[in-house]
Each structure stands twice: as structure tokens, then as C-alpha cells.
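>>> Fold the following.
(one chain, ligands or ions: 1)
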Amino acid sequence: MIRAPLTPKQRERVLRAATSAPSKHNTQPWWFRWDGDDLEVHIDPERVLPRADPDGREAHIACGAAAFAARLGYASLGLGTDTALLPAPHEPLYAARLRVVGAAPDPRFETLYWSLPSRRTNRAPFRDTAIPSLVLEYLRDAARDEGTWLRVVGREPAYEHLLTLIRVATGLEDDYLREERAAWVDAPDARHRRDGVPARSLGPRPQDPTGAVRDLAVGRDTPGRGTTAFERHPTLAVLETRDDTPVQWLVAGQALLRVLVTGTRYGVAASFANQALEYPDLRDEVASEAKHFGTAQMVLRLGMGTEVPPTPRRPLSDVVGPRTRHV
Ligand SMILES: Cc1cc2nc3c(=O)[nH]c(=O)nc-3n(C[C@H](O)[C@H](O)[C@H](O)COP(=O)(O)O)c2cc1C
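Next comes the predicted model:
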């Protein structure tokens, strides 16, 4: 059957889905281009953080998440897609191409699409209710369906060891890293910007600064922020991939968003405690010794969440290119 091309409204729906994806410090390190009804996802090198993300690993994760969100957008229009990661070897910043195919989309995707707008990184305390084990199973399935492993860190020594690695990494942060972050997190010009993390999304300052909540504005004075005790035993999980290549970073991003929106559906909120992944030796220690996985890509703090405000996004006109091919 011949299908009519996407209308401008339908294109907008796909792009709004894509740009709702999470990204480090809300840098939104992506731009998009239409090729007919197929969507190209590109990494924007100007938005990759030189200090915190020198290899662009986290920018790839963000673009993988954007690609997965775009897949959900297509699915909500009844369209199945085929995803090619790094489809042009001579263009390393061309992250993914989503091609519309004749087959119907995965029936679970439409439901997930409706959870996209309420997904948030939640740096507020979680409720003192455990995540139901069946829901944890759904999160594991979501990661597995995208070719990764969500390792829920359950047993005591492993849990304590991960917390220790997070603490050690927090202690290693230098001024350069904090300066870079200050340009994005509660930045002086935040009110005029549509990127970065605004003060309202920082959450309260944790009473115990050695816990699993990452205080993105540590050492800075943010008026009206307040200090609170957080839940004592958040669920910690590590998203692991097979190896540490750009393709696997994109795979991790797709899985990350699938896990997060699956959680959103069931009231599970997440924030990230990735500090230990920013130091190669600690990152190796975070990973498991699992045979088929064993590369840590994200550390998630998970729990039953309360509502938190959204972060801004740039207008679509800023992120849709004709841009030149070789950036
Ligand atoms: C690769 C990646 C790394 C991130 N690292 C952290 C982190 O270490 N700490 C944190 O609090 N948030 C982290 N975030 C969450 C971002 O700050 C968040 O996605 C962004 O501010 C947009 O907000 P939203 O997720 O609510 O849409 C990370 C997100 C991504 C995709």
C-alpha cells in the first residue's frame, strides 16, 4: 500500500519526541535532518563537553536516546522503523538513521510514547516504597530488548562498593570540571536559554553529601534550594553493554530511554550517579565481570518518585538542519 508522506504536524511529533531525550547537563548534543520521511540523527560537536566527556561517549548516549524517542514518535503514527547506527563510516558524527518500513511498529511502543512527556531526571528524594519486583523485571526486560543489561545492584558488599566508588569520584572532581558544569547547570544566563539544567531541577541539597544523589551544584550557593534527607537505600543499577565502541554507546542510549520510559509508566523515577564513570579506573570497577556485558555506561538511582518540573528544550527550528554533510 502506498502511504502518504508525513505531514508537517507528524514530523513535528517525531522531532518533539526525539528532543525530549535526556542528555548530560541538558546539552542536547544533537541535530536532525529529514531525508524524505526518514530521519537522520547527528551529533553536534559544539555541544560535547570537552572535560566531562572527552571521547563523546555521553553525547552518543544522548543521541541514542533521541533516536529511540524518535522511534516511539513514529510508532505513535502507526509507523514501524528500522534503525541503522553510524550508517556512514566516513561520517562519525552521523549517529543514526531511522528508516520507515512497511511493517507495523512494535505494539508496546505506542504506550511508551505516551510516557515520554512525563519522563524527567528526578533529583528529589524518592518515596520510601520499594519498586515492585515485577516492575524491576520490566526494566530489566526493557534493557535486554535493546541489547544491553540493566544490572540491579542488590547484594550488600556490591552495593556498598558502588557507593564507595561514587564517593571517591565525587572527591576527585576538580575546578575545571566544576567550571565546565557551571556553564550549563544553574548558569547565570539560564533564564534566556533553552538548554542546561535550571536551578529548579537541581532538587534539594542532600543532607548526606556522600549518598547516591549527585549534587550538580556542589559547593555553589543556590538561593532557596534547601537541604533535605534523602531515601536511605535507593535502588542502584548499572546499564552495561558488550563493549566500549561508539555503536555500543548509541545502543546504551536507546536502552537507557527504553528503561526510563518503561519506569515512568509505573511511577519509577531515575536520576544518575555517573561520577565514577568519568574516571577510567573507577569505571572499570563499576562494571561487572559478566561474560557478555561488563562495560558500564550509566549508573542509575531508581525509586518511586514524586513530581518534579521539566527542563527546557531548544526550539525545533534550532535543531533541524540542512547543515552541511561533513561537520
Ligand atoms: C549520558 C547522560 C549522563 C548524565 N549524567 C548525569 C549525572 O551524572 N547526574 C545527573 O544528575 N544527571 C545526569 N544526566 C541527566 C541530565 O542532566 C538530564 O537528562 C538533563 O538535564 C535533561 O533533563 P531531563 O532528563 O529531566 O529531561 C545525564 C544524562 C545523560 C543522557
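
>>> Tell me how far stretch 289-309 lies from the chain's centre.
The chain centroid and the centroid of stretch 289-309 are separated by 10 Å under Cα atoms, centre = their mean, to the nearest Å.

>>> in that stretch, what's buried?
If you call a residue buried by 16 or more other Cβ atoms under 10 Å, then stretch 289-309 has these buried ones: 293-305, 308. Placement of C-beta: from N, CA and C, glycine included.

>>> hey, where'd the strands end up in this protein?
30-35, 38-43, 80-85, 94-101, 149-152, 205-206, 227-228, 235-241, 268-272, 295-304 (DSSP state E).

>>> before we move on, the earlier item: hmm, which two among the buried residues of stretch 289-309 are most spread apart?
Greatest spacing in the buried residues of stretch 289-309, by Cβ to Cβ: 294 and 308 (32.7 Å).

>>> Tell me if I'm right that residue 207 and residue 227 touch.
Yes: counting by Cβ atoms under 8 Å, residue 227 is a contact partner of residue 207 at 5.5 Å.

>>> intersection of neighbour lists for those two?
Contact with both residue 207 and residue 227 is made by no residue, according to Cβ atoms under 8 Å, 6 or more residues apart in numbering.

>>> related to what we said a few turns ago, which of the strands of the chain sits closest to residue 22?
Per Cβ to Cβ, nearest to residue 22 of those: strand 268-272, 8.4 Å.

>>> helices or strands up against that closest one?
helix 246-265, strand 295-304 (3 or more Cβ pairs under 8 Å, 6 or more residues apart in numbering; DSSP states H and E).

>>> Quick one: those as a markdown table, columns for distance to the ligand and mean pLDDT too.
Shown next, in a markdown table, are those (distance: least, Cβ to the nearest ligand atom, whole Å; pLDDT from 0 to 100):
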| stretch | distance to the ligand | mean pLDDT |
| --- | --- | --- |
| helix 246-265 | 7 | 98 |
| strand 295-304 | 6 | 97 |
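
>>> could you dump these to JSON lines with distance to residue 216?
Below are those laid out as JSON lines (distance: least, Cβ to Cβ, whole Å):
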{"stretch": "helix 246-265", "distance to residue 216": "18"}
{"stretch": "strand 295-304", "distance to residue 216": "13"}
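
>>> who wins for proximity to residue 231 among those?
When those are compared (using Cβ to Cβ), the closest one is strand 295-304, at 6.0 Å.

>>> residue contacts, the residue of the chain found nearest the ligand?
Across the chain, the shortest distance to the ligand (Cβ to the nearest ligand atom) belongs to residue 22, at 2.9 Å. When contacts are counted by Cβ under 8 Å, 6+ apart, residue 22 touches 62, 65, 119, 121, 256, 257, 260.

>>> now, the most widely separated pair of those residues?
Counting by Cβ to Cβ, the most remote pair of the contacts of residue 22 is 62 and 119, 13.8 Å apart.

>>> Compare the two (neighbour count), which wins?
Neighbour tally, residue 62 and residue 119, criterion other Cβ atoms under 10 Å: the higher count belongs to residue 62, 29 against 22.

>>> ok, so what distance separates that one from residue 197?
14 Å (Cβ to Cβ, to the nearest Å).

>>> residue boundaries of the helices in the stretch 101-250 of the chain?
107-115, 133-145, 156-172, 175-182, 246-265 (DSSP state H, counting those that start in this stretch).

>>> Can you say which of the ones you listed is packed in most?
Ranked by mean neighbour count, the helices of the stretch 101-250 of the chain are led by helix 246-265 with a mean of 25 (mean count of other Cβ atoms under 10 Å).

>>> need the residues of the stretch 101-250 of the chain near the ligand, please.
120, 121, 123, 197, 214, 216 (Cβ under 6 Å from any ligand atom).

>>> Listing request: residues of the protein with sub-threshold pLDDT.
Filtered on pLDDT under 70, the chain yields the residue ranges 1, 291, 325-327.

>>> change it to 50
327 (pLDDT under 50).

>>> So what are the structural domains in it, by residue number?
Following automatic domain parsing, one finds the domains of the chain at 8-118, 133-304.

>>> Quick one: closest of those domains to residue 313.
If you check each of the domains of the chain against residue 313 by Cβ to Cβ, domain 8-118 wins as the nearest, at 5.1 Å.

>>> So what would you say the end-to-end distance of the closest one is?
24 Å (Cα to Cα, to the nearest Å).

>>> Is stretch 308-318 in proximity to the ligand?
Yes: in terms of Cβ under 6 Å from any ligand atom, part of stretch 308-318 sits within range of the ligand, namely residue 311.
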